[in-house]
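[1] using only what follows, build the 3D model:
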Amino acid sequence: MSPTTLPAGPEHGHVTFLGAGPGDPGLLTLRAVEALANADVLVAEHEVLDVVRTHARSGVAVVNTDADPSADLASGPAPATGVPQLTVVDGVSTTAGVPAVRDAAHLVMEAARGGRRVVRAVSGDPGLDAYAAEEMLACAAAGVPFEVVPGIAAAVGVPAYAGVPLRDAEGADVRFVDARTASDRCWTEVGASDGTVVVSTTLDSVGAAAGELVSAGRKPDTPLTVTVAGTTTRQRTWTATLGTIAQTLKQAKVLPSPEGGRPVIAVVGERSATAQREQLSWFESKPLFGWRVLVPRTKEQAASLSDQLRSYGAVPHEVPTIAVEPPRTPQQMERAVKGLVTGRYEWIAFTSVNAVKAVREKFEEYGLDARAFAGIKVAAVGEQTAKALVAFGVKPDLVPSGEQSAAGLLEDWPPYDPVFDPIDRVFLPRADIATETLVAGLIELGWEVDDVTAYRTVRASPPPAETREAIKGGGFDAVLFTSSSTVRNLVGIAGKPHNVTVIACIGPATAKTAEEHGLRVDVMAPEPSVHKLAEALADFGLRRRAAALEAGDPVTRPSERRPGARRRRTTT
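    Model prediction:
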């Protein structure tokens, strides 16, 4: 295969021009997700790839658009009608390590003619993208079938996330202007209007755009909001007037800045006043907005916890602190699984998701499935373990009604009764380092226990150097410790979190271990549950935000505190 040749497919291909929205992956439409799942080739610029790539199927050829290498940088930026170039980053071979570069429309049509299902993803909405319009015309001229999947335009989505309604009950006129291509006539028309103006521009050009509107007739005291990185957890909004916005950005120390060329959305008009934004700013006022939260668990274990943190506005970063390995001698586990089938046990008790996984893998090795649990009572230590069992096809008979722990499970576990229980034995598959609480408690209740090592837990490999530096240097705003072993292992593989990092622990034992390692505990869960721990951290963030607003201070993240600042101790 040549460096830029895409694999051939059926005779007739197809192109989907897809709007990826303004940045939040959750704003993708259902039709967009469906198209991505069926794509053979995915074409997009880097920022858009980050939004859409997770929905693409395995094996998709990914093509990253790049700046036109032939552009004359000395003469200024390339015109808006310039053709973007493509760099193949996945799925297509390269020569001598040099990425293949091709004309966008040509490669899209070449792939479609080869029978490929091509998704051409663009930021916002394809109907507002000049490149996409040119590529659609090229497809139409060449007889290549295509469709358009609309997306949420940044000029509409970003103000919604910034808490700035574009219209009120009076139905004011709304005008949209791209300051990068607007003509003098365009500025004159919007300046003469008293409606709302939504301006797409860049951070270092906001002042110039404001000046254009004032010159065209808008009053200098007209309110406006400026939002950068809209709909993402990096979003930031400033409120000012046309006459003061340049000074506001300068005082906020965002100008001059290497990031001055970042795109922004400015909303101008009386109906986008500060009072409305203070009431409607739902996104940036989330309790953990923009917080980088370290979750020392595997991606599988942390999935629901990370989703919960995202709902609070946080950016979870999962770092495994333990690795799970099979037992050194598998014979004990093999005998126990065979005993399940032959009727040796009355109960099987699962104390972790890993225990469920270990038994499930052993079942698959023997060609068994959930039907092998027929006639056996099943217990789960908590909700997450119960969910893992349900996914296996097993509904647990016993889940603690109170504390989700071995102690909580024992409180609800029935004592052995020789009249009603034909078998007195319990199969307990668990980790090699598990405590003896459950075993001792079951024996006290009259049960015989086969305590079997189903898996071993070992310290995970150290995370990348960048993550280790962020942990020790205060790059994370908070860390969630869900057990004493996560404290010991994280410190062992990555170092001790910086003193500005908020430390949240799932319970007293974990907090004690954290303090033994020189960490100051700020947050403790009201009960030993990872979700209650996340809730407690969100409550901490909410109170911290409220205290800053009450004091008239800017709302900052813990990692934004100046170096060496003393940190207050607040425990929940």
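[2] tell me the mean pLDDT over the longest strand seen in the chain?
    With residue count as the measure and DSSP state E as the assignment, the chain has strand 448-459 as its longest strand. Averaged over strand 448-459, pLDDT sits at 90.
[3] same question, stretch 188-203
    Taken as a whole, stretch 188-203 carries a mean pLDDT of 90.
[4] same question, stretch 354-373
    Taken as a whole, stretch 354-373 has a mean pLDDT of 92.
[5] follow-up on the earlier one: list the buried residues in the helix or strand following the longest strand of the chain.
    Per DSSP states H and E, strand 448-459 leads on to helix 465-473 as the next helix or strand towards the C-terminus. By neighbour count, with 16 or more other Cβ atoms under 10 Å as the criterion, the buried positions of helix 465-473 are 467-468, 470-471. The way it works is simple: take the backbone N, C-alpha and C, and place the C-beta from them, glycine included.
[6] now stretch 210-227
    Going by neighbour count (16+ other Cβ under 10 Å), the buried part of stretch 210-227 is 210-214, 216, 218, 222-227.
[7] do the same with stretch 416-430
    Across stretch 416-430, burial judged by 16+ other Cβ under 10 Å covers 416, 421, 423, 426-430.
[8] could I get those as TSV with pLDDT, distance to residue 269 and secondary structure?
    Formatted as TSV, the buried residues of stretch 416-430 follow (pLDDT from 0 to 100; distance: Cβ to Cβ, whole Å; DSSP: H, G, I helix; E, B strand; the rest coil):
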residue	pLDDT	distance to residue 269	secondary structure
416	93	75	coil
421	85	74	coil
423	92	76	coil
426	95	69	strand
427	95	69	strand
428	94	67	strand
429	93	64	strand
430	89	63	strand
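[9] now distance to residue 287 too, for those, in JSON lines please.
    Rendered in JSON lines, the data for those read as follows (distance: Cβ to Cβ, whole Å):
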{"residue": "416", "distance to residue 287": "47"}
{"residue": "421", "distance to residue 287": "48"}
{"residue": "423", "distance to residue 287": "50"}
{"residue": "426", "distance to residue 287": "42"}
{"residue": "427", "distance to residue 287": "43"}
{"residue": "428", "distance to residue 287": "39"}
{"residue": "429", "distance to residue 287": "38"}
{"residue": "430", "distance to residue 287": "36"}
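[10] closest to residue 63 out of these?
    Minimum separation from residue 63 among these (Cβ to Cβ) is found for residue 429, which lies at 46.8 Å.
[11] doesn't residue 348 make contact with that closest one?
    Yes - taking Cβ atoms under 8 Å as the definition, residue 429 is a contact partner of residue 348 at 7.4 Å.
[12] anything in contact with each of these two?
    residue 359 (Cβ atoms under 8 Å, 6 or more residues apart in numbering).
[13] quick check: the farthest pair among the buried residues of helix 465-473?
    Largest pairwise distance in the buried residues of helix 465-473, by Cβ to Cβ, is 7.3 Å, between 468 and 470.
[14] who's in contact with residue 204?
    255-257, 260-261.
[15] give the PyMOL command for selecting the buried subset of these.
    Remark: buried members of the contacts of residue 204, expressed as a PyMOL selection using 16+ other Cβ under 10 Å:
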select buried, resi 255
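[16] need the contacts of residue 204 in JSON lines (columns: distance to residue 452, secondary structure and pLDDT).
    Putting these into JSON lines (distance: Cβ to Cβ, whole Å; DSSP: H, G, I helix; E, B strand; the rest coil; pLDDT from 0 to 100) gives the following:
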{"residue": "255", "distance to residue 452": "64", "secondary structure": "coil", "pLDDT": "79"}
{"residue": "256", "distance to residue 452": "65", "secondary structure": "coil", "pLDDT": "77"}
{"residue": "257", "distance to residue 452": "60", "secondary structure": "coil", "pLDDT": "77"}
{"residue": "260", "distance to residue 452": "62", "secondary structure": "coil", "pLDDT": "76"}
{"residue": "261", "distance to residue 452": "61", "secondary structure": "coil", "pLDDT": "82"}
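[17] helix or strand with the lowest mean pLDDT in this protein?
    Counting by mean pLDDT, DSSP states H and E, the chain has its least confident helix or strand at strand 85-88, which shows a mean of 48.
[18] rewinding a little: can I get the longest strand of the chain in CSV, CA atoms only?
    These are the backbone C-alpha positions of strand 448-459, laid out as CSV (Å, rounded to 0.1, in the frame of the first residue of the first chain):
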residue,chain,number,x,y,z
GLU,A,448,-17.7,-23.5,57.6
VAL,A,449,-15.7,-21.2,55.2
ASP,A,450,-13.5,-22.1,52.2
ASP,A,451,-11.3,-19.0,52.2
VAL,A,452,-9.9,-19.2,48.7
THR,A,453,-7.3,-16.8,47.1
ALA,A,454,-9.0,-15.9,43.8
TYR,A,455,-6.5,-13.2,42.8
ARG,A,456,-3.4,-11.4,44.0
THR,A,457,-3.0,-7.7,44.3
VAL,A,458,0.4,-6.3,43.6
ARG,A,459,1.6,-2.7,43.4
